[in-house]
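1. what's the 3D shape of this:
(one chain, ligands or ions: 1)
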Amino acid sequence: MTAQDLLKREAAARALDFVTPGMKLGLGTGSTAEAFLELLAPRVHGGLSVDCVATSERTAKMARTLGIPLGDLDALAPLDLTVDGADEADRDLNLIKGGGAALLREKIVAASSKAMVVIADESKLVARLGKFPLPVEIVAFGHGATVSRIKSAAASLGYENLIVTQRMKDGAAVKTDSGNLVYDCAFKAITNAKALAAGLSMVPGVVEHGLFVGIATTLVIAHPGEVEIIPASR
Ligand code: A5P
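-> Below is the predicted model of the structure:
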(Lines give C-alpha, C1' and ligand atoms only; values in the text may rest on other atoms or scores of the structure.)
Protein backbone atom coordinates (compact mmCIF):
# COMPACT_ATOMS: atom_id res chain seq x y z
CA MET A 1 0.00 0.00 0.00
CA THR A 2 1.41 3.43 -0.91
CA ALA A 3 1.63 6.33 1.55
CA GLN A 4 -1.26 7.95 -0.33
CA ASP A 5 -3.36 4.79 -0.05
CA LEU A 6 -2.74 4.80 3.70
CA LEU A 7 -3.95 8.40 3.95
CA LYS A 8 -7.07 7.55 1.94
CA ARG A 9 -7.75 4.71 4.37
CA GLU A 10 -7.27 7.00 7.38
CA ALA A 11 -9.78 9.49 5.98
CA ALA A 12 -12.19 6.64 5.25
CA ALA A 13 -11.78 5.26 8.78
CA ARG A 14 -12.53 8.66 10.31
CA ALA A 15 -15.71 8.93 8.23
CA LEU A 16 -17.06 5.82 9.96
CA ASP A 17 -17.50 8.00 13.07
CA PHE A 18 -20.25 9.84 11.19
CA VAL A 19 -22.23 6.63 10.62
CA THR A 20 -24.84 5.66 13.20
CA PRO A 21 -27.17 2.63 13.35
CA GLY A 22 -30.23 2.81 11.13
CA MET A 23 -28.77 5.37 8.76
CA LYS A 24 -29.60 5.58 5.09
CA LEU A 25 -26.21 5.98 3.43
CA GLY A 26 -24.98 7.10 0.01
CA LEU A 27 -21.85 5.28 -1.10
CA GLY A 28 -19.43 7.25 -3.27
CA THR A 29 -17.21 6.17 -6.15
CA GLY A 30 -13.44 5.98 -6.47
CA SER A 31 -10.54 4.51 -4.58
CA THR A 32 -11.11 6.50 -1.37
CA ALA A 33 -14.81 5.66 -1.33
CA GLU A 34 -13.86 2.02 -1.88
CA ALA A 35 -11.59 2.17 1.18
CA PHE A 36 -14.67 3.34 3.09
CA LEU A 37 -16.69 0.38 1.80
CA GLU A 38 -13.97 -2.02 2.89
CA LEU A 39 -14.10 -0.58 6.41
CA LEU A 40 -17.90 -0.37 6.51
CA ALA A 41 -18.40 -4.03 5.52
CA PRO A 42 -17.06 -5.58 8.75
CA ARG A 43 -19.25 -3.18 10.77
CA VAL A 44 -22.29 -4.34 8.78
CA HIS A 45 -21.37 -7.98 9.35
CA GLY A 46 -20.95 -7.13 13.02
CA GLY A 47 -24.58 -5.96 13.22
CA LEU A 48 -24.55 -2.30 12.12
CA SER A 49 -27.84 -1.78 10.32
CA VAL A 50 -27.63 0.60 7.34
CA ASP A 51 -29.47 0.93 4.04
CA CYS A 52 -27.19 2.06 1.23
CA VAL A 53 -27.44 3.59 -2.22
CA ALA A 54 -24.51 3.30 -4.63
CA THR A 55 -23.37 6.21 -6.81
CA SER A 56 -22.14 3.95 -9.64
CA GLU A 57 -22.37 0.45 -11.04
CA ARG A 58 -18.74 -0.01 -9.93
CA THR A 59 -19.58 0.82 -6.33
CA ALA A 60 -22.76 -1.27 -6.44
CA LYS A 61 -20.75 -4.27 -7.59
CA MET A 62 -18.22 -3.83 -4.80
CA ALA A 63 -20.93 -3.33 -2.17
CA ARG A 64 -22.67 -6.53 -3.30
CA THR A 65 -19.36 -8.42 -3.14
CA LEU A 66 -18.75 -7.11 0.38
CA GLY A 67 -22.28 -7.92 1.53
CA ILE A 68 -23.33 -4.31 2.11
CA PRO A 69 -27.12 -3.97 1.68
CA LEU A 70 -28.16 -1.82 -1.29
CA GLY A 71 -31.48 -0.17 -1.97
CA ASP A 72 -33.10 2.19 -4.41
CA LEU A 73 -32.67 5.95 -4.05
CA ASP A 74 -36.34 6.64 -4.78
CA ALA A 75 -37.38 4.32 -1.96
CA LEU A 76 -34.79 5.55 0.54
CA ALA A 77 -34.48 9.32 -0.10
CA PRO A 78 -33.79 11.51 1.71
CA LEU A 79 -30.60 9.78 2.78
CA ASP A 80 -28.97 10.69 6.09
CA LEU A 81 -25.41 10.82 4.82
CA THR A 82 -23.31 10.33 1.71
CA VAL A 83 -19.61 9.52 2.03
CA ASP A 84 -17.62 10.14 -1.14
CA GLY A 85 -14.19 11.14 -2.41
CA ALA A 86 -13.21 14.14 -4.53
CA ASP A 87 -10.67 15.08 -7.16
CA GLU A 88 -10.18 18.52 -5.61
CA ALA A 89 -11.65 20.30 -2.60
CA ASP A 90 -11.14 23.81 -1.22
CA ARG A 91 -11.67 25.04 2.32
CA ASP A 92 -15.08 26.48 1.37
CA LEU A 93 -16.08 22.87 0.60
CA ASN A 94 -16.38 23.44 -3.12
CA LEU A 95 -15.41 20.27 -4.97
CA ILE A 96 -14.38 18.94 -8.34
CA LYS A 97 -15.64 15.41 -8.84
CA GLY A 98 -16.04 13.05 -11.76
CA GLY A 99 -12.54 11.72 -12.27
CA GLY A 100 -14.20 8.31 -12.19
CA ALA A 101 -16.99 9.46 -14.55
CA ALA A 102 -19.64 8.99 -11.85
CA LEU A 103 -20.39 12.70 -11.33
CA LEU A 104 -24.06 12.59 -12.30
CA ARG A 105 -25.15 9.85 -9.91
CA GLU A 106 -22.74 11.18 -7.28
CA LYS A 107 -24.41 14.58 -7.42
CA ILE A 108 -27.94 13.15 -7.44
CA VAL A 109 -27.19 10.98 -4.40
CA ALA A 110 -25.34 13.74 -2.51
CA ALA A 111 -28.10 16.26 -3.25
CA SER A 112 -30.60 13.71 -1.89
CA SER A 113 -28.67 13.45 1.37
CA LYS A 114 -28.96 15.53 4.52
CA ALA A 115 -25.16 15.53 4.83
CA MET A 116 -22.15 14.80 2.62
CA VAL A 117 -18.82 13.86 4.15
CA VAL A 118 -15.95 14.08 1.66
CA ILE A 119 -12.95 11.91 2.36
CA ALA A 120 -9.56 12.52 0.80
CA ASP A 121 -5.84 12.46 1.26
CA GLU A 122 -4.18 15.88 1.57
CA SER A 123 -3.21 16.01 -2.13
CA LYS A 124 -6.86 16.79 -2.94
CA LEU A 125 -7.02 19.91 -0.74
CA VAL A 126 -6.29 22.96 -2.89
CA ALA A 127 -6.32 26.73 -2.40
CA ARG A 128 -8.20 27.16 -5.69
CA LEU A 129 -10.07 24.61 -7.80
CA GLY A 130 -9.25 24.00 -11.44
CA LYS A 131 -5.88 22.34 -11.79
CA PHE A 132 -7.75 19.04 -12.11
CA PRO A 133 -9.67 19.30 -15.41
CA LEU A 134 -13.38 19.69 -14.69
CA PRO A 135 -15.39 16.68 -15.93
CA VAL A 136 -18.62 17.50 -17.75
CA GLU A 137 -21.16 14.84 -18.71
CA ILE A 138 -22.69 15.54 -22.11
CA VAL A 139 -25.43 13.92 -24.20
CA ALA A 140 -23.98 12.19 -27.28
CA PHE A 141 -26.40 13.90 -29.66
CA GLY A 142 -24.71 17.04 -30.96
CA HIS A 143 -21.85 16.75 -28.50
CA GLY A 144 -19.47 18.75 -30.71
CA ALA A 145 -21.92 21.65 -30.82
CA THR A 146 -22.44 21.37 -27.07
CA VAL A 147 -18.68 21.61 -26.50
CA SER A 148 -18.60 24.80 -28.61
CA ARG A 149 -21.32 26.30 -26.44
CA ILE A 150 -19.46 25.27 -23.27
CA LYS A 151 -16.43 27.17 -24.58
CA SER A 152 -18.60 30.23 -25.30
CA ALA A 153 -20.19 30.08 -21.86
CA ALA A 154 -16.73 29.78 -20.30
CA ALA A 155 -15.39 32.71 -22.35
CA SER A 156 -18.29 34.88 -21.21
CA LEU A 157 -17.15 34.20 -17.63
CA GLY A 158 -13.54 35.12 -18.44
CA TYR A 159 -12.13 31.68 -19.24
CA GLU A 160 -10.79 32.31 -22.74
CA ASN A 161 -9.53 29.55 -25.06
CA LEU A 162 -10.69 26.74 -22.82
CA ILE A 163 -9.18 23.39 -23.73
CA VAL A 164 -11.89 20.70 -23.67
CA THR A 165 -10.89 17.08 -24.23
CA GLN A 166 -13.15 14.10 -24.75
CA ARG A 167 -12.38 11.32 -22.28
CA MET A 168 -11.30 8.14 -24.04
CA LYS A 169 -10.27 4.72 -22.84
CA ASP A 170 -8.58 2.06 -24.97
CA GLY A 171 -9.38 4.08 -28.09
CA ALA A 172 -13.12 4.34 -27.35
CA ALA A 173 -15.22 7.16 -25.94
CA VAL A 174 -15.84 6.77 -22.21
CA LYS A 175 -19.55 6.32 -21.51
CA THR A 176 -21.05 7.01 -18.09
CA ASP A 177 -23.42 4.67 -16.26
CA SER A 178 -26.21 6.73 -17.85
CA GLY A 179 -24.77 6.29 -21.37
CA ASN A 180 -23.46 9.83 -21.81
CA LEU A 181 -20.04 11.17 -22.84
CA VAL A 182 -17.47 12.86 -20.61
CA TYR A 183 -15.40 15.90 -21.56
CA ASP A 184 -12.64 17.27 -19.35
CA CYS A 185 -12.31 21.07 -19.23
CA ALA A 186 -8.90 22.51 -18.36
CA PHE A 187 -9.94 25.65 -16.48
CA LYS A 188 -6.59 25.71 -14.61
CA ALA A 189 -7.86 28.24 -12.04
CA ILE A 190 -11.56 28.58 -11.21
CA THR A 191 -12.10 32.02 -9.79
CA ASN A 192 -15.80 31.71 -8.93
CA ALA A 193 -17.05 28.13 -8.64
CA LYS A 194 -20.67 29.14 -8.05
CA ALA A 195 -20.84 31.33 -11.16
CA LEU A 196 -19.14 28.71 -13.32
CA ALA A 197 -21.44 25.98 -12.01
CA ALA A 198 -24.47 28.08 -12.87
CA GLY A 199 -23.07 28.95 -16.31
CA LEU A 200 -22.35 25.34 -17.25
CA SER A 201 -25.75 24.17 -16.03
CA MET A 202 -27.36 26.59 -18.50
CA VAL A 203 -25.80 24.91 -21.56
CA PRO A 204 -28.27 22.60 -23.34
CA GLY A 205 -26.68 19.18 -23.82
CA VAL A 206 -24.78 19.37 -20.54
CA VAL A 207 -26.29 16.71 -18.32
CA GLU A 208 -24.15 17.57 -15.31
CA HIS A 209 -20.76 19.00 -14.40
CA GLY A 210 -18.37 17.97 -11.67
CA LEU A 211 -18.49 21.20 -9.66
CA PHE A 212 -20.14 20.53 -6.30
CA VAL A 213 -20.99 23.86 -4.69
CA GLY A 214 -22.93 24.09 -1.43
CA ILE A 215 -23.39 20.31 -1.23
CA ALA A 216 -20.57 18.95 0.97
CA THR A 217 -21.07 19.48 4.70
CA THR A 218 -17.75 18.15 6.03
CA LEU A 219 -14.29 17.55 4.59
CA VAL A 220 -12.18 14.82 6.15
CA ILE A 221 -8.61 15.33 4.98
CA ALA A 222 -5.86 12.91 5.97
CA HIS A 223 -2.40 14.41 6.45
CA PRO A 224 0.53 12.30 7.65
CA GLY A 225 -0.07 11.89 11.39
CA GLU A 226 -3.31 13.88 11.50
CA VAL A 227 -6.83 13.77 10.12
CA GLU A 228 -8.25 17.24 9.66
CA ILE A 229 -12.01 17.84 9.88
CA ILE A 230 -13.26 20.91 8.01
CA PRO A 231 -16.94 21.69 8.54
CA ALA A 232 -18.98 23.84 6.21
CA SER A 233 -19.19 27.40 7.52
CA ARG A 234 -22.75 27.89 6.23
C1 A5P B 1 -15.70 9.59 -9.28
O2 A5P B 1 -16.44 9.99 -10.38
C3 A5P B 1 -15.04 10.77 -8.64
O4 A5P B 1 -15.87 11.81 -8.35
C5 A5P B 1 -14.26 10.33 -7.41
O6 A5P B 1 -14.94 10.62 -6.23
C7 A5P B 1 -13.00 11.05 -7.43
O8 A5P B 1 -12.41 10.83 -8.71
C9 A5P B 1 -12.05 10.61 -6.33
O10 A5P B 1 -11.51 9.36 -6.63
P11 A5P B 1 -10.29 8.79 -5.81
O12 A5P B 1 -10.78 8.60 -4.41
O13 A5P B 1 -9.97 7.49 -6.48
O14 A5P B 1 -9.18 9.77 -5.91
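2. Let's test this: mean pLDDT of stretch 67-86, rounded?
-> The average of the pLDDT scores along stretch 67-86 is 98.
3. How about stretch 92-100 and the ligand, any contact?
-> Yes - applying Cβ under 6 Å from any ligand atom, one finds stretch 92-100 touching the ligand at 97, 98, 99, 100. The way it works is simple: take the backbone N, C-alpha and C, and place the C-beta from them, glycine included.
4. Can you say which of those are buried?
-> 97, 98, 99, 100 (16 or more other Cβ atoms under 10 Å).
5. quick one, phi psi at the residue most central in space within the chain?
-> For the chain, the residue nearest the mean C-alpha position is residue 97 (4.0 Å; Cα atoms, centre = their mean). The phi/psi pair for residue 97 (degrees, to the nearest 10) reads phi -130, psi 170.
6. need the contact list for it.
-> By Cβ atoms under 8 Å, 6 or more residues apart in numbering, residue 97 lies in contact with 84, 85, 86, 87, 103, 106, 107, 135, 210, 212.
7. rerun at 7 Å
-> Residues in contact with residue 97, defined by Cβ atoms under 7 Å, 6 or more residues apart in numbering, are 86, 87, 103, 106, 210, 212.
8. So which of those residues reach the ligand?
-> 86, 87, 103, 106.
9. May I see the buried ones among the residues of stretch 92-100 next to the ligand arranged in JSON lines, with pLDDT, secondary structure and distance to residue 166 as well?
-> JSON lines is the format used below for these (pLDDT from 0 to 100; DSSP: H, G, I helix; E, B strand; the rest coil; distance: Cβ to Cβ, whole Å):
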{"residue": "97", "pLDDT": "98", "secondary structure": "coil", "distance to residue 166": "18"}
{"residue": "98", "pLDDT": "98", "secondary structure": "coil", "distance to residue 166": "14"}
{"residue": "99", "pLDDT": "97", "secondary structure": "coil", "distance to residue 166": "15"}
{"residue": "100", "pLDDT": "97", "secondary structure": "coil", "distance to residue 166": "16"}
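10. right, and the pair among those residues with maximum separation?
-> 97 and 100 (8.3 Å; Cβ to Cβ).
11. any idea how far the residue lying closest to residue 162 once chain neighbours are set aside lies from the ligand?
-> The spatial neighbour of residue 162 that comes closest, neighbours along the chain excluded (Cβ to Cβ, 6 or more residues apart in numbering), is residue 154 at 4.5 Å. Per Cβ to the nearest ligand atom, to the nearest Å, residue 154 is found 21 Å from the ligand.
12. Return the member of the contacts of residue 97 nearest to residue 74.
-> Among the contacts of residue 97, and counting by Cβ to Cβ, the member closest to residue 74 is residue 106, at 16.8 Å.
13. pLDDT below threshold where in the chain?
-> With pLDDT under 70 as the threshold, the chain has low-confidence stretches at 234.
14. Let me see the ranges of the helices in it.
-> Assigned helices in the chain, in chain order: 3-15, 31-45, 57-66, 73-76, 103-111, 143-156, 193-201 (criterion: DSSP state H).
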